[in-house]
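Trainee: Task: produce atomic coordinates for the following.
(one chain, ligands or ions: 2)
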Amino acid sequence: MAATPPSAGGAETYGGSGTERWPHRPAAWLPVRLGLVIRVGVLGAKGRVGVEVCKAVHAADDMELVAAVDVGDPIESLSGAEVVVDFTHPDVVMDNLKWCIEHGVHPVVGTTGFDAGRLATVRGWLEANPGVGALIAPNFGIAAVLMMHFAQQAARYFDSVEIVELHHPGKADAPSGTARRTAELVAEARRAAGLGAMPDATTAELPGARGADVDGVRVHGVRLAGLIAHQEVLLGGDGEILTIRHDTMSRASFTPGVLLGVRRVRDLPGLTLGLEHLLDL
Ligand SMILES: NC(=O)c1ccc[n+]([C@@H]2O[C@H](COP(=O)([O-])OP(=O)(O)OC[C@H]3O[C@@H](n4cnc5c(N)ncnc54)[C@H](O)[C@@H]3O)[C@@H](O)[C@H]2O)c1
Ligand SMILES: O=C(O)C1=N[C@H](C(=O)O)CCC1
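Mentor: Ligands and ions are numbered 1, 2, ... in the order given. Model (predicted):
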């Protein structure tokens, strides 16, 4: 019979703050002893994505869910975590990130709403806390990351590129983080190829009819009951059109990417922007 130690050295953190709804699952004592189990906290644990992340962390043999935090829970509940996953709201994510970085906790962030100013602030916090790694990814779906990558690769071959993002009506931000990042990648690719502005003769416009201008790329947002998260990148050239489309069919699709981020973020000091950097693309 396998020997069982009297104390698994870390397994006692099971059932920590907010984790009551996750059935007790003792961590295998040897990996805990060897420090191979990553202590993970989740912010936004009761949300649409947070619930899926808690399930996935709980089921992972190399992770321990030490805190499942939502509105009303003290952020100090995360003190026992090495890595914190944040799927909350654009209005609160900066405060969460600041707390994590200043407490030496590595954040893996899915929450959207990051612009250049916010990213510069995060970089400043990370410089003041060397050794802390933060991963911020607008989309943790592997297929979504590939869609963005393919759009970036294709962009230089076409006169016109426009993006249509389609989401559930409960979404707070527009355009989506994925669409915003895709537009930036397309714009970078066009600049690198020496392409100028896209053809567009519009002179009379009802405000909003041509979508938002992100780095010179038009982005159109749809909010519709029944949707989860979808995006089309339309690329138009001489007599032909390429459409690259991604559809999220389940929020569980985000969790393999999140777990990959949790496993890698401690070894990536500073800011990593986008899951593509972990995928060898
Ligand atoms: N990067 C990705 O792959 C990805 C995928 C899906 C959603 N998102 C983004 O993640 C965010 C959350 O999406 P969602 O659909 O799960 O939203 P949601 O509203 O269903 O969940 C957010 C949860 O965060 C909680 N919350 C709010 N403020 C908090 C705080 N200060 N501390 C702790 N918890 C807090 C809310 O109570 C809620 O339970 C959005 O910004 C969304 O765009 C990103
Ligand atoms: O449901 C959401 O909200 C999503 N947000 C991300 C974004 O803004 O790109 C990723 C897709 C789902």
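Trainee: Am I right that A67 is in a strand?
Mentor: Yes: with the criterion set as DSSP: H, G, I helix; E, B strand; the rest coil, the secondary structure at A67 is a strand.
Trainee: Nearest residue to it in space, please, no chain neighbours.
Mentor: If you skip the residues right next to it in sequence, A67 has G41 as its closest partner in space, 3.9 Å away by C-beta to C-beta, 6 or more residues apart in numbering. Heads up, the C-betas are built off the backbone N, CA and C, glycines and all.
Trainee: Can you report how many residues lie near the one you found?
Mentor: The local packing count at G41 equals 29, with neighbours defined by other C-beta atoms under 10 Å.
Trainee: now it, what's its secondary structure?
Mentor: For G41, the secondary structure call by three-state DSSP comes out as strand.
Trainee: now do G221
Mentor: Reduced to three states with three-state DSSP, the structure at G221 is strand.
Trainee: what's the average pLDDT for the helix or strand where E127 lies?
Mentor: Counting by DSSP states H and E, the secondary-structure element that holds E127 is helix 116-128. Here helix 116-128 scores 97 as its mean pLDDT.
Trainee: From V92, how far off is the nearest residue to V132 once chain neighbours are set aside?
Mentor: For V132, ignoring the flanking residues on the chain, the nearest one in space by C-beta to C-beta, 6+ apart is I101 at 5.2 Å. With distances taken as C-beta to C-beta, to the nearest Å, I101 is found 15 Å from V92.
Trainee: Looking at those two, which one has more neighbours?
Mentor: Applying other C-beta under 10 Å to I101 and V92 shows that I101 carries more neighbours, namely 21 against 15.
Trainee: which parts of the stretch 51-200 of the chain sit against ligand 1?
Mentor: Applying C-beta under 6 Å from any ligand atom, one finds that the stretch 51-200 of the chain approaches ligand 1 through 69-71, 87-90, 92, 110-112, 137-140.
Trainee: And these, which of them are buried?
Mentor: Among these, the ones that count as buried by 16 or more other C-beta atoms under 10 Å are V69, F87, T88, H89, G110, T111, T112, A137, P138, N139, F140.
Trainee: any chance you could map the helices in the protein?
Mentor: For the chain, the helices defined by DSSP state H occupy 29-33, 48-59, 93-102, 116-128, 142-154, 177-192, 255-264.
Trainee: which stretch among these comes nearest L206?
Mentor: helix 177-192 (20.9 Å; C-beta to C-beta).
Trainee: Give the buried residues for the closest one.
Mentor: Across helix 177-192, burial judged by 16+ other C-beta under 10 Å covers 177-187, 189-190.
Trainee: what angle sits between it and helix 116-128?
Mentor: Angle, helix 177-192 to helix 116-128, by axes from the mean of the first three to the mean of the last three C-alpha atoms, to 10 degrees: 90 degrees.
Trainee: can you give me the angle helix 177-192 makes with helix 142-154?
Mentor: Computed by the same axes, to 10 degrees, the angle between helix 177-192 and helix 142-154 is 20 degrees.
Trainee: which residues pair with the closest residue to T272 other than its chain neighbours across the strands?
Mentor: Spatially, and ignoring its direct neighbours in sequence, T272 is nearest to L135 (4.7 Å; C-beta to C-beta, 6+ apart). Listed beta-bridge partners, L135: V108, T272 (assigned using DSSP bridges).
Trainee: Please tell me I have it right and L135 contacts V108.
Mentor: Yes: the pair formed by L135 and V108 meets the contact definition of C-beta atoms under 8 Å, at 4.9 Å.
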